[in-house]
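Colleague: Okay, predicted coordinates and the sequence, questions at the end:
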Amino acid sequence: MTASPDLDPKRLLRALFDAAVAAAQPALCLPPCLPLPPKGRTIVIGAGKASAAMARVLEDHWPGPLEGLVVTRYGYQVPCQRIEIVQAAHPVPDAAGQHATERILELVRGLSADDLVIALISGGGSSLLVAPTPGLTLADKQAVNTALLRSGATISEMNCVRRHLSAIKGGRLGAACHPARLVTLLISDVPGDAPVDIASGPTVADPSTCADALAIVARYSISLPPAVRALLESGAGESVKPGNPKLAGIETRVITAPQIALEAAAQRARAAGFTPYILSDSLEGEARDIGKAHAGLARQVVLHGQPFKPPCVLLSGGETTVTLRGTGRGGRNVEFLLALGLALDGLAGVHAIAGDTDGVDGIEEIAGASLSPDTLARAWAQGINPRASLDNNDGHGFFQALGDSVVTGPTLTNVNDFRAILIEGPG
């Protein structure tokens, strides 16, 4: 396979990212997964960055009457006729999310076995569905969320803690729908695609315990509000466990996931003359460590043609973490990319892109950034110290100053991180 000699690597990498996002759009993946209409009512509920787009597609393809409410991140709304769209805060919850969650729980009360509940769940739902368990406040939940985001905990670990502080997560929403038929349609943004970790599993059984949550808190030395610690230590925050009769017969379908997005990018790379290699759809760990590891692999390809021969593209997904120690603007994808660039040290022929498929890396309205062999040299020419930027967790500040940020606006989907390293062939 031969790549075009006049190829623009930066433009191709952006095309790979765009192909990944396009493959995860609800319009493609949701219609084939819709259930049959019920004898009774159809109630639509949901939460996540893709939930409003999912609701619109459902409306467009549903043959009968329906009603409902979904909550999405500010700026991610999509106009619907019969399903109400509410906007709330992410990644730290707010009062709008709490009020919307209370209304969702009210919508599913008193249903019959002839009724159908369709739950549209995607990444971001953990913050958007906020219902503090009795004894806790919204301020307690906000404090815990903020601490978790700064701790370096994995998404699975964070969601384990969240499930045990909630009146809706960890299967509680699913139990509230009983005895109606419940079908959950999931867009996965978590490594491994486990339903219990997508939006903290509001409609599925949770095998983890309060003791597990406390162990995670201890592992990362997270300071808890007194009421939160008391709840976990008492065991009063236990979630709905496997075997609970109220969750019997529920249907849970993952309708798209990171692997599907990576395969779409691979197809686009192949068409441009680059052999694609999907390394993993579920990488986890510190973003800067993952960046160093990717750099080592890219260097081996360039210098020795092992384990892959150039021209090629290395693709990966999953969700890395950042332990915040500096005062910069964060972003796990830009942290990965800056660590990658430092480890490559301007190695010729290696270009990269890293971004979050929802269009938001960290709390910035920036999806990610791109890297080229001259990135470090351009930074030094502007008086920017790349190592100092990484030490300060300021990947966004670094790449924005160079004009290399990737900005998409709301993508209306979310299958988590996307990383592509393009390695040109010899000559």
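Modeller: Okay, I see it.

Colleague: Strands of the stretch 51-200 of the chain, residue ranges please.
Modeller: 67-73, 83-88, 116-122, 181-187 (DSSP state E, counting those that start in this stretch).

Colleague: name the helices or strands packed onto the second one?
Modeller: Pointing back at strand 83-88 there. Based on contacts counted as 3 or more C-beta pairs under 8 Å, 6 or more residues apart in numbering; DSSP states H and E, the elements that strand 83-88 packs against are helix 51-61, strand 67-73, helix 95-107. In this view, the C-beta of every residue, glycine as well, is placed from N, C-alpha and C.

Colleague: 6 Å instead, please
Modeller: strand 67-73, helix 95-107 (3 or more C-beta pairs under 6 Å, 6 or more residues apart in numbering; DSSP states H and E).

Colleague: Let me have the ones you listed in TSV, adding mean neighbour count as columns.
Modeller: Output for the helices and strands packed on strand 83-88, formatted as TSV (neighbours: other C-beta atoms under 10 Å):
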stretch	mean neighbour count
strand 67-73	26
helix 95-107	19
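
Colleague: Out of these, which is closest to residue 40?
Modeller: With C-beta to C-beta as the criterion, residue 40 lies closest to strand 67-73 of those, at 12.0 Å.

Colleague: what residue ranges in this structure are flagged as low confidence?
Modeller: 1-6, 427 (pLDDT under 70).

Colleague: try 80
Modeller: 1-6, 330, 427 (pLDDT under 80).

Colleague: how is it carved up into domains?
Modeller: 9-22+259-423, 34-240 (automatic domain parsing).

Colleague: got the ones you listed as CSV, with distance to residue 247 columns?
Modeller: Formatted as CSV, these follow (distance: least, C-beta to C-beta, whole Å):
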stretch, distance to residue 247
domain 9-22+259-423, 25
domain 34-240, 5
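
Colleague: nearest to residue 252, of these?
Modeller: Closest to residue 252 of the domains of the chain is domain 34-240 (C-beta to C-beta; 4.7 Å).

Colleague: to the chain's geometric centre, what's the distance from the closest one?
Modeller: 14 Å (C-alpha atoms, centre = their mean, to the nearest Å).

Colleague: Ends of it, what's the gap?
Modeller: Across domain 34-240, the terminal residues are separated by 26 Å (C-alpha to C-alpha, to the nearest Å).

Colleague: Tabulate the helices and strands packed on strand 83-88 (TSV), appending distance to residue 280.
Modeller: Listed next are the helices and strands packed on strand 83-88 as TSV, based on distance: least, C-beta to C-beta, whole Å:
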stretch	distance to residue 280
strand 67-73	27
helix 95-107	32
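
Colleague: what about these, which gets the closest to residue 422?
Modeller: strand 67-73 (30.6 Å).

Colleague: helices or strands next to that closest one in the packing?
Modeller: With contacts taken as 3+ C-beta pairs under 6 Å, 6+ apart, strand 67-73 sits against strand 42-47, helix 51-61, strand 83-88, helix 95-107.

Colleague: okay, those in TSV with distance to residue 403 next?
Modeller: TSV is the format used below for the helices and strands packed on strand 67-73 (distance: least, C-beta to C-beta, whole Å):
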stretch	distance to residue 403
strand 42-47	35
helix 51-61	30
strand 83-88	31
helix 95-107	35
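
Colleague: Of all the ones you listed, which one is nearest residue 363?
Modeller: The closest of those to residue 363 is strand 83-88. By C-beta to C-beta, the value is 14.6 Å.

Colleague: between the closest one and helix 95-107, what angle do the directions make?
Modeller: Using axes from the mean of the first three to the mean of the last three C-alpha atoms, to 10 degrees, the inter-axis angle of strand 83-88 relative to helix 95-107 is 150 degrees.

Colleague: got the contact list for strand 83-88?
Modeller: 44, 52, 55, 68-69, 71, 74, 77, 94, 96-97, 100, 128 (C-beta atoms under 6 Å, 6 or more residues apart in numbering).

Colleague: So for residue 246, which of the domains of the chain sits nearest?
Modeller: domain 34-240 (4.0 Å).

Colleague: ok, which stretches of the stretch 301-427 of the chain are strands?
Modeller: Secondary structure of the stretch 301-427 of the chain (DSSP E, counting those that start in this stretch): strands located at 312-318, 350-356, 368-371, 405-406, 417-423.

Colleague: tell me what the fourth one is packed against?
Modeller: In this structure, strand 405-406 packs against strand 368-371, with contacts taken as 3+ C-beta pairs under 6 Å, 6+ apart.

Colleague: re earlier: and of the helices and strands packed on strand 67-73, who's closest to residue 253?
Modeller: With C-beta to C-beta as the criterion, residue 253 lies closest to helix 51-61 of the helices and strands packed on strand 67-73, at 12.1 Å.

Colleague: on that earlier part again, which of the strands of the stretch 51-200 of the chain sits most buried?
Modeller: Each of these was assessed for mean neighbour count using mean count of other C-beta atoms under 10 Å. The highest is strand 116-122, with a mean of 28.
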